[in-house]
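Trainee: Just to be clear, the model below is a prediction. Sequence and coordinates:
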Amino acid sequence: MGAENPRELPKIDFSGVDPASAGTESWKSVRAQVIQAMESHGCFEAIYPQVTRQLRESLFRNAVKELFALPLDVKRRNIHHKPFHGYLGEIPALDYYESLAIVNAPLPHATQSFTNLLWPETGNPTFCETVLSFSQKVAELEGMARRMLMEGLGVDKYYEDLTDSMWYLLRFAEYQAPAAQEEEEKKLGYVPHRDTNTMSVVCQLQKDGLEVQAKDGEWILASPSPISFIVMAGNGFRAWTNGRVGAALHRILVGGGVTRYSVVLFSVPKGDFRVEAPPELVGEDHPPLFEPYYDDEFVRFCVSEEGTKTMDTLAAYTELVRARKAEA
Ligand SMILES: O=C(O)CCC(=O)C(=O)O
Ligand SMILES: [Fe+2]
């Protein structure tokens, strides 16, 4: 594993494991690397050829291109009541950014209805098949990484329940190349943040852009191979593990005259799930760091004026709830 160089993200080879291989020697070896990487860097590069180069090619060269080429009024049909769960574009401070999202993407009916909404005449079966097989395979990677971390903390008995309490959101993003005269200078494509959800798996076309903050405050550029993904935890997992797993601070830089595309799978707590650390992770040595919450409520805080002022939304949210409780 490449964790020795603190200026590079650790690389972990998942090619020898699958969800059914939990407990095998190869699983344990990958697990040890995952635990170490999350401790040292808060994220890692997963080598994952289970998503074949061919599938990745058809995703980026066909599906993603076709999606962003649709007229704006068609893309805007992708509406969802929850922030960040549908079409996003023309956002102040995110000048180069546009994205669309599929809630429950690994479920065939969900991706099919997204496809029907955008291509009502044809239902675009090729898009649907490509996106479905991609998100199903990537969901397996998210599940393995999360299960390994839960095993490391001795709380894997909750793995199935935690999985059932979440949905997967697949988001397609385009970061337009800044205008020619700005080419030399990199621009912020997405502001520094920690994801609000549980875990995130980023797939990017071979274009740099994603940077993760190291412990010393320096930014590390992710340079995943053509068969790699970047895996990180968000505030949802940080809260559920009572801070034992940290949420990586990251940002996107764009420049060099190249438009960047990414497809990210997020595991997101469902609306009725209370995000709260299990008793095994709380005790005298580990006082509860965060207040339990429902994701909708936390996301509402994150997009509020107060939430957008802070870099640590989970800590700020906890502070707010505790202050309210003290007042009551
Ligand atoms: O586009 C990417 O690579 C990741 C963007 C991101 O950080 C996010 O959507 O939360
Ligand atoms: Fe993010």
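Mentor: Here it is on my side, so go on. Residues are numbered from 1 along each chain as shown. Ligands and ions are numbered 1, 2, ... in the order given.
Trainee: Please report how far A323 lies from ligand 1.
Mentor: 28 Å (CB to the nearest ligand atom, to the nearest Å). C-beta: built from backbone N, CA, C; applies to glycine.
Trainee: scratch that, G236
Mentor: For G236 relative to ligand 1 (CB to the nearest ligand atom), the value is 12 Å.
Trainee: Wait, that residue touches R194, no?
Mentor: No: with contact defined as CB atoms under 8 Å, G236 does not reach R194; the gap is 9.9 Å.
Trainee: These two - which one has more neighbours?
Mentor: Remark: of G236 and R194, G236 carries more neighbours, 28 against 24, as counted by other CB atoms under 10 Å.
Trainee: Using the three-state scheme, assign the more buried one.
Mentor: Assigned with DSSP: H, G, I helix; E, B strand; the rest coil, G236 falls in the helix class.
Trainee: Kindly state the pLDDT recorded for it?
Mentor: pLDDT recorded at G236 is 98.
Trainee: cool, and the one 3 residues further on?
Mentor: The score at A239 is 98. That number is its pLDDT.
Trainee: residues touching it, list them.
Mentor: Going by CB atoms under 8 Å, 6 or more residues apart in numbering, A239 touches V275, E276, A277, F290, P292, Y293, L314.
Trainee: M166 and R146: what is the separation?
Mentor: 9 Å (CB to CB, to the nearest Å).
Trainee: show me the contacts for the residue nearest to the spatial centre of the chain.
Mentor: When CA atoms, centre = their mean is applied to the chain, the residue found nearest the centroid is S200 (2.1 Å). S200 sits next to V231, M232, A233, G234, V264, L265, F266, S267 when contact means CB under 8 Å, 6+ apart.
Trainee: what secondary structure does whatever residue of the chain ends up closest to ligand 1 sit in?
Mentor: Residue nearest to ligand 1 within the chain (CB to the nearest ligand atom): S262, separated by 3.4 Å. Under three-state DSSP, the three-state class of S262 is strand.
Trainee: Residue ranges in the stretch 201-328 of the chain under the pLDDT threshold?
Mentor: Scanning the stretch 201-328 of the chain for pLDDT under 70 picks out the ranges 206-207.
Trainee: re earlier: ok, which of the contacts of S200 also contact ligand 1?
Mentor: V264 (CB under 6 Å from any ligand atom).
Trainee: Would you mind naming what in the stretch 101-250 of the chain lies close to ligand 1?
Mentor: For the stretch 101-250 of the chain, the contact set with ligand 1 under CB under 6 Å from any ligand atom comprises R171, A173, Y190, D195, V202, Q204, L210, H250.
Trainee: can you list the contacts of S200 in a markdown table and add distance to F298 and neighbour count?
Mentor: Output for those, formatted as a markdown table (distance: CB to CB, whole Å; neighbours: other CB atoms under 10 Å):
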| residue | distance to F298 | neighbour count |
| --- | --- | --- |
| V231 | 22 | 28 |
| M232 | 18 | 27 |
| A233 | 15 | 26 |
| G234 | 11 | 22 |
| V264 | 19 | 21 |
| L265 | 20 | 26 |
| F266 | 14 | 25 |
| S267 | 15 | 26 |
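Trainee: Is it possible to get TSV of the contacts of S200 that adds distance to D95?
Mentor: Listed next are those as TSV, based on distance: CB to CB, whole Å:
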residue	distance to D95
V231	28
M232	24
A233	28
G234	24
V264	20
L265	25
F266	23
S267	29
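Trainee: hang on, the earlier thing: can you list the residues of the stretch 101-250 of the chain next to ligand 1 in JSON lines and add secondary structure, distance to S29 and neighbour count?
Mentor: Putting these into JSON lines (DSSP: H, G, I helix; E, B strand; the rest coil; distance: CB to CB, whole Å; neighbours: other CB atoms under 10 Å) gives the following:
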{"residue": "R171", "secondary structure": "strand", "distance to S29": "32", "neighbour count": "21"}
{"residue": "A173", "secondary structure": "strand", "distance to S29": "33", "neighbour count": "23"}
{"residue": "Y190", "secondary structure": "strand", "distance to S29": "34", "neighbour count": "21"}
{"residue": "D195", "secondary structure": "coil", "distance to S29": "27", "neighbour count": "26"}
{"residue": "V202", "secondary structure": "strand", "distance to S29": "24", "neighbour count": "26"}
{"residue": "Q204", "secondary structure": "strand", "distance to S29": "27", "neighbour count": "23"}
{"residue": "L210", "secondary structure": "strand", "distance to S29": "26", "neighbour count": "26"}
{"residue": "H250", "secondary structure": "strand", "distance to S29": "27", "neighbour count": "23"}
